[in-house]
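> kindly return the folded structure for what I paste below:
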Amino acid sequence: MNQDSRSSFTGKLGFVLAAAGASVGLGNIWRFPYLAARYGGGIFLLVYIILALTFGYTMIIAETSIGRKTHRSPVGAFQALSDSRIMHAGGWVNAIIPILILPYYSVIGGWVCKYLFEYLRGNTEVLSSDSYFGEFITSGTKPEIWFVVFAALVILVILAGVENGIERVSRIVMPILLVLAVVISIYSVTRPGALKGVRYFLVPDFSNFTWMTVVSAMGQMFYSLSIAMGILITFGSYMKKDVSIEKSTKQVEIFDTGVAILAGMMIIPAVFSFSGGDEQALQQGPSLMFVTMPKIFARMGFGRGIGILFFVLVLFAAVTSAIALCESAVSTLEDELHWNRKAGTALVTVVMLILGSLSSLGYGPLADVRIIGMQFLDFFDFLTNSVMMPIAAMFICALVTKHIGIDEIEAEVTTDGHPFRRKKVFRFMIRYLCPLFVLIILLSSIANVLGWIKM
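Predicted structure coming up:
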């Protein structure tokens, strides 16, 4: 696909909102709060922000520049910038990740659709029961139906294209998401006893700092900023030359980190308030959103309304991220196989339905089928986020430092006279710290699965 025929965002705002939509997803609203709660509250937040301004910034700059320089999705970009077959494999690693993440991500998106539907029906008390979530995800048919509903929402946007689909949806959804997050956060922090939760989340307590605080914050970077998923390379390929890469990166950082903080403000103070200040109530991990929060909504005044707003927000975040994952996969098929958008979307849909059904049914009829001791959803999550994404990030660092050259990336960033104010940070991070961080994440994640450490 040549540069002239390639789809593009209409301008800076289109890229920023689409990239922010890719970044702001279940990683921010679902995963960030429970990790912050588990690993020290304010100290976790501080470490995360430092990493976002260094590690995250560097990887976003690198991936976006690679995409815009080549006007290709990950496979074509790596092939255009290196003659090494090993590096070409790195392009495929980046390209395959979204194809594997999208199915199980859509299953969780289906869970969100189900909860929103039940809140709209007024079943607030039912959702707050201890057994509801477990009974739902193990029922077989119900989670499968809602997975298909969520997948259909995503596919409809992808078929509409870059400008009419992805950009238009992002322009509408992202501002609404931000407003909802602010409204729910204000309501949460004004509950009796919630200020203790605000202090826990915002004020760093260095006595809570452990090495796992750093490792977990680094791992969260991949979820929150859509690093090493091929998404930012793909979206960079749609970016026009007159758009500042550094300024756009800064805006994505601010938007993404802001929503993560708002997510923490929505959930952590509310849990403190309705648990009587019991920090153990925060240690629910992944079930915090689907088990703990409905209990809180059931005890709130206007609990049904807040529950509706909360799951509308989560749904918007999940849809925008799933759209980005799907677009990255479709773009690869368009570039490498020269398929049209409809054909590429059709194949991605088939893969999504097959692999997603395994994840959806993995807690029910297929519960006894396990891969290295994991159910399908947990296995796909481990494979992509703990193994493939760190490896993909290593390939990106190697592509920049050993093949393209850092000077070429700087030239792309400064195209059309745009500034590159954090150039020294980028140079140091991409050469030394980013590869080190990525190796730490990879080894820590594998050690965690083997039971050597607990994350």
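
> list the contacts of Ile99.
Going by Cβ atoms under 8 Å, 6 or more residues apart in numbering, Ile99 touches Ala329, Val348, Val351. (C-beta placed from N, C-alpha, C; glycine too.)

> I'd like those residues as JSON lines, with neighbour count and pLDDT appended.
Shown next, in JSON lines, are those (neighbours: other Cβ atoms under 10 Å; pLDDT from 0 to 100):
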{"residue": "Ala329", "neighbour count": "29", "pLDDT": "88"}
{"residue": "Val348", "neighbour count": "25", "pLDDT": "92"}
{"residue": "Val351", "neighbour count": "14", "pLDDT": "95"}
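
> just the closest of these to Cys434, please.
Ala329 (24.9 Å; Cβ to Cβ).

> go ahead and confirm the closest one touches Val348.
Yes - using Cβ atoms under 8 Å, Ala329 makes contact with Val348 at a distance of 4.8 Å.

> hey, what's in contact with both of the two?
Ile99, Leu102.

> closest to Ser139 among the contacts of Ile99?
The closest of these to Ser139 turns out to be Val351 (Cβ to Cβ; 24.3 Å).

> what about the closest one, which helix or strand?
Using DSSP states H and E, Val351 sits in helix 341-361.

> mind listing what's buried in that helix?
Under the neighbour-count criterion of 16 or more other Cβ atoms under 10 Å, helix 341-361 has 341, 344-345, 348-349, 352-353, 355-361 buried.

> which of the residues you listed lies closest to Phe136?
Of the buried residues of helix 341-361, the one sitting nearest to Phe136 (Cβ to Cβ) turns out to be Ser360, at 11.2 Å.

> now do the closest one against Leu159, distance only.
23 Å (Cβ to Cβ, to the nearest Å).

> likewise for Arg421?
Remark: distance between Arg421 and Leu159 (Cβ to Cβ) = 39 Å.

> the more surrounded of these two?
Higher neighbour count among Arg421 and Leu159: Leu159, with 15 against 10, using other Cβ atoms under 10 Å.

> how close does that one get to Thr349?
Going from Leu159 to Thr349 by Cβ to Cβ gives 10 Å.

> stretch 290-309 - what's its average pLDDT?
Over the span of stretch 290-309, the pLDDT mean works out to 85.

> and what of stretch 37-57?
The pLDDT scores in stretch 37-57 average 92.

> residues of the helix or strand where Pro175 lies that come out buried?
In this structure, Pro175 sits in helix 168-189 according to DSSP H and E. By 16+ other Cβ under 10 Å, the buried positions in helix 168-189 come out as 168-170, 173-174, 177-178, 180-181, 183-185, 187-189.

> with stretch 106-121 instead?
So for stretch 106-121, counting by 16+ other Cβ under 10 Å, buried means 106-116, 118-119.

> now that stretch: how far from the chain's centre is it?
How far stretch 106-121 lies from its chain's middle: 19 Å, per Cα atoms, centre = their mean, to the nearest Å.

> so, low pLDDT: which residues of this protein?
Within the chain, the set of residues satisfying pLDDT under 70 comprises 1-24, 161-170, 277-286, 455.

> from Phe209, how far out is the residue most central in space within the chain?
Geometric centre of the chain, nearest residue: Tyr223, 4.0 Å, by Cα atoms, centre = their mean. Counting by Cβ to Cβ, the separation of Tyr223 from Phe209 is 21 Å.

> got it, and Leu195?
Distance of Leu195 to Phe209, given as Cβ to Cβ: 23 Å.

> the stretch 201-350 of the chain: helices as residue ranges?
211-225, 231-237, 245-274, 292-299, 303-337, 341-361 (DSSP state H, counting those that start in this stretch).

> can you pull the buried residues of the third one?
Neighbour counts over helix 245-274 (16+ other Cβ under 10 Å) mark 245-246, 248-253, 255-274 as buried.

> and of the buried residues of helix 341-361, the nearest to Ala322?
Checking the buried residues of helix 341-361 against Ala322 with Cβ to Cβ, the nearest one is Met352 at 9.4 Å.

> neighbours of Met212, how many?
When neighbours are counted by other Cβ under 10 Å, Met212 registers 18.

> my read is that it contacts Ile43, right?
No - using Cβ under 8 Å, Met212 is not in contact with Ile43, being 11.3 Å away.

> which residue, other than its chain neighbours, is closest to Leu383?
Excluding the flanking residues, the one nearest Leu383 by Cβ to Cβ, 6 or more residues apart in numbering is Leu100, at 6.7 Å.

> so who does that neighbour touch?
For Leu100, counting by Cβ under 8 Å, 6+ apart, the contacting residues are Leu355, Phe380, Leu383, Thr384, Met388.

> can you lay out the residues you listed as a markdown table showing secondary structure and distance to Ile50?
Formatted as a markdown table, the contacts of Leu100 follow (DSSP: H, G, I helix; E, B strand; the rest coil; distance: Cβ to Cβ, whole Å):
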| residue | secondary structure | distance to Ile50 |
| --- | --- | --- |
| Leu355 | helix | 36 |
| Phe380 | helix | 30 |
| Leu383 | helix | 29 |
| Thr384 | helix | 25 |
| Met388 | helix | 25 |
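
> hmm, which two among these are most spread apart?
Going by Cβ to Cβ, the pair spanning the contacts of Leu100 furthest: Leu355 and Met388, at 14.3 Å.
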